[in-house]
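>>> here are the coordinates; sequence isn't available:
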């Protein structure tokens, strides 16, 4: 059974700092990996999707990497801003096209 | 593009009543829709997968007679929580795949907050 773990569970940083969120998964047989953002009481916003054949994806200040063989992904956020404060979820797509989510990292960026 | 809506955004109901939640793909045809629930401070758990015109496939531990899913058209799926009880209070989120969905990407709705008194 696929298990997705995110570390740290919570993170508080000052504005402007670069930060890394970690995601690991137990079964490397995935189709792709996706990072989402969720604001309190809201739905999910897709940030980046990395295909299983790719190593990384970039969008603005965000960069996500994928090491499928070791079952790891990182989300790098450059020059963090208070507006980046949210919960970040990592999810893998596996057999049957099902998404398996991690528990998330709660990020707070202090101004 | 690839917008998914949910209605209502929140609902409060009495114990024992049934509640219907709608999930619509606004600008694409969704061949597959997914329903998730999320308890406070926890992640999303897949409840069921529905394909247009066929019966939904439920995840282990999800009661299909309690959570009725209908995917009658390529743009609409409904989740009905029957005889709701306080333990059914949760945040329900749907997602849809099809049309724009390259690489099996799912597009998520904004969620529905259900509170059962």
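Nice, thanks for sending it over. Not measured: the values here are computed from a predicted model. Residues are numbered from 1 along each chain as shown, chains lettered A, B, ... in the order given.
>>> Run the chain-centre distance for stretch B:63-82.
7 Å (C-alpha atoms, centre = their mean, to the nearest Å).
>>> Next: stretch A:36-45.
For stretch A:36-45, the distance to the chain centre is 13 Å (C-alpha atoms, centre = their mean).
>>> and that stretch, average pLDDT?
Mean pLDDT, computed over stretch A:36-45, is 91.
>>> Next: stretch A:89-96.
87.
>>> For it, which outside residues touch it?
A:2, A:4, A:6, A:21, A:23, A:25, A:27, A:29-38, A:44, A:73, A:75, A:99-102, A:104, B:43-44, B:49, B:104 (C-beta atoms under 8 Å, 6 or more residues apart in numbering or on different chains). For glycine as for every other residue, the C-beta is placed from the backbone atoms N, C-alpha and C.
>>> Now that we have those residues, which of them are buried?
A:4, A:6, A:21, A:23, A:25, A:30-38, A:44, A:73, A:75, A:99-102, A:104, B:43-44, B:49, B:104 (16 or more other C-beta atoms under 10 Å in any protein chain shown).
>>> what stretches of chain B score poorly on pLDDT?
B:1, B:99-104 (pLDDT under 70).
>>> Tell me if I'm right that residue A:37 and residue A:85 touch.
No: the criterion here is C-beta atoms under 8 Å, and residue A:37 misses it with residue A:85 at 9.9 Å.
>>> what is residue A:99 paired to in the beta sheet?
For residue A:99, the beta-bridge partners are residue A:93 (DSSP bridges).
>>> Please list the residues of chain A that sit near chain B.
A:31-32, A:34, A:36, A:41-46, A:49, A:51, A:89, A:91, A:93, A:96-104 (C-beta under 8 Å from any C-beta of the partner chain).
>>> try it again with 10 Å
Within chain A, the positions adjacent to chain B are A:4, A:6, A:9, A:31-32, A:34, A:36, A:38, A:41-46, A:49-52, A:54, A:87, A:89-91, A:93, A:96-104, A:106 by C-beta under 10 Å from any C-beta of the partner chain.
>>> how about residue B:37, phi and psi?
phi -130, psi 150 (degrees, to the nearest 10).
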